[in-house]
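coordinates only, sequence not included:
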């Protein structure tokens, strides 16, 4: 079993991998498909991807002790920004995680939400929140792609394990998964 800090690194690596796959899938969509309103909070493929990108950026700023940045900017609503800036955010996450110790990962963290309220939670819970939040919205986006007649990329964690070489071995049993 990996350490707490290693598990957080692994989770965020998965998060970055899955987000890159969805952004790549979105690059083949027309502007009408990217902006089609599906009646959800973030409305569209592009809006939902921007929402996850903005949350990743916001939580990283908080964990670095920075003030909350504006959640989104008009510039964020371009696929080219997601292709270039989101990987940079993931790189900053990796840098932040490189220095993470077990003590810090298991320790409490104070932050201000967007309404200025102060919260205190174990840091590992916040990192898991970031990953879970992204997973939820990537699932929505995959559904949007299917509704557009597209096949979304595989985003299952088991696919990530296989592709990253994370101690996954084919058993030869023929079981699906």
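Ah, there it is. Keep in mind it's a predicted model, so treat the numbers as computed, not measured.

would you mind finding the longest helix in the chain?
Longest helix of the chain, by residue count under DSSP state H: helix 123-147.

touching that one from outside, list them.
With contact meaning Cβ atoms under 8 Å, 6 or more residues apart in numbering, helix 123-147 is reached by 4, 7-8, 11-12, 14-15, 18-19, 22, 25-26, 36, 38, 40, 42, 44-45, 48-49, 51-52, 55-56, 59, 62-63, 104-109, 111, 151-153, 155. In short, each C-beta sits where N, CA and C put it, glycine included.

report the angle between the next helix or strand after that helix and helix 123-147.
Sequence order places helix 157-164 as the next helix or strand after helix 123-147, per DSSP states H and E. Put simply, helix 157-164 runs at 100 degrees to helix 123-147, going by axes from the mean of the first three to the mean of the last three Cα atoms, to 10 degrees.

quick one: list the elements packing against helix 157-164.
Under the contact criterion of 3 or more Cβ pairs under 8 Å, 6 or more residues apart in numbering; DSSP states H and E, helix 157-164 touches helix 4-26.
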